[in-house]
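Trainee: pasting the sequence and the predicted coordinates here, then a few questions.
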Amino acid sequence: MTPCGFCHVSAANGFHIIWEDEIFVAFRDRNPASEHHIQLIPKRHITSVRSLRKQDAELVRTMKTIGDKLLDEFDPSPTMRVMGFHIPPFNSVNHLHLHVQGLPYKPMRRAKYPISPGFGPFHKGFGWFVEADQAARSLENGRTIGVFPC
């Protein structure tokens, strides 16, 4: 089994850490898609957003709150902020990580982060990326996160 690349995040392991507490760590994305692109992860291994359940909605809300505080340092307006998770199998690392982005996107990078609005009883439509608020609302309603509407 391949070890998780995010379970040992540290400056000594080549990560540019910008914030940390006892539960979470935030670091700059190695291949940023936007002007400001940060990864925020729980230190405890959680495989992905698909692993989350109703009781994890507050974890997602906390991550979004931290993401907003991190972006406040760069001062993008609320309309220039995107925070969300890729949904397996469309993720690159099997450790829950919130993409915290201060826009604009770099050329040709927006397509990797499509936001699919919900409809009817669903908070998210079909897509491989879910915004943090969409994920939290879906979890609060007892739904799991997947590529299909949730």
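Mentor: Cool, got the structure. Numbers count the residues shown, from 1 in each chain.

Trainee: assumed residue 47 was part of a helix.
Mentor: No. Going by DSSP: H, G, I helix; E, B strand; the rest coil, the assignment for residue 47 is coil, not a helix.

Trainee: so who does the closest residue to it other than its chain neighbours touch?
Mentor: Closest residue in space to residue 47, ignoring its immediate chain neighbours: residue 94 at 5.4 Å, by Cβ to Cβ, 6 or more residues apart in numbering. Just so you know, the C-beta spots here come from the backbone N, C-alpha and C atoms, and that holds for glycine as well. Residues near residue 94 by Cβ atoms under 8 Å, 6 or more residues apart in numbering: 4, 47-48, 88.

Trainee: do residue 81 as well
Mentor: 67-68, 71, 101-103.

Trainee: would a markdown table of those with neighbour count be doable?
Mentor: Compiled in a markdown table, the contacts of residue 81 are given as follows (neighbours: other Cβ atoms under 10 Å):
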| residue | neighbour count |
| --- | --- |
| 67 | 24 |
| 68 | 14 |
| 71 | 21 |
| 101 | 25 |
| 102 | 23 |
| 103 | 18 |
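
Trainee: closest one to residue 123 out of the residues you listed, please.
Mentor: residue 67 (18.3 Å; Cβ to Cβ).

Trainee: what sits closest to the closest one if chain neighbours are left out?
Mentor: residue 100 (3.9 Å).

Trainee: sec struct for the one you found, please.
Mentor: strand.

Trainee: what is the burial count for it?
Mentor: Residue 100: 26 surrounding residues under other Cβ atoms under 10 Å.

Trainee: could you pull out the strands in the protein for me?
Mentor: 17-20, 24-28, 34-42, 81-86, 98-105, 129-131 (DSSP state E).

Trainee: hmm, residue 40 and residue 101 touching each other?
Mentor: No. Under the criterion of Cβ atoms under 8 Å, residue 101 is not in contact with residue 40, lying 11.0 Å apart.

Trainee: neighbouring contacts of the lengthiest helix in the chain?
Mentor: The single longest helix within the chain, with elements called by DSSP state H, is helix 57-72. With contact meaning Cβ under 8 Å, 6+ apart, helix 57-72 is reached by 18-19, 24, 26, 36, 38, 40, 42, 52, 81, 83, 98, 100, 102, 132-133, 135-137, 139-140.
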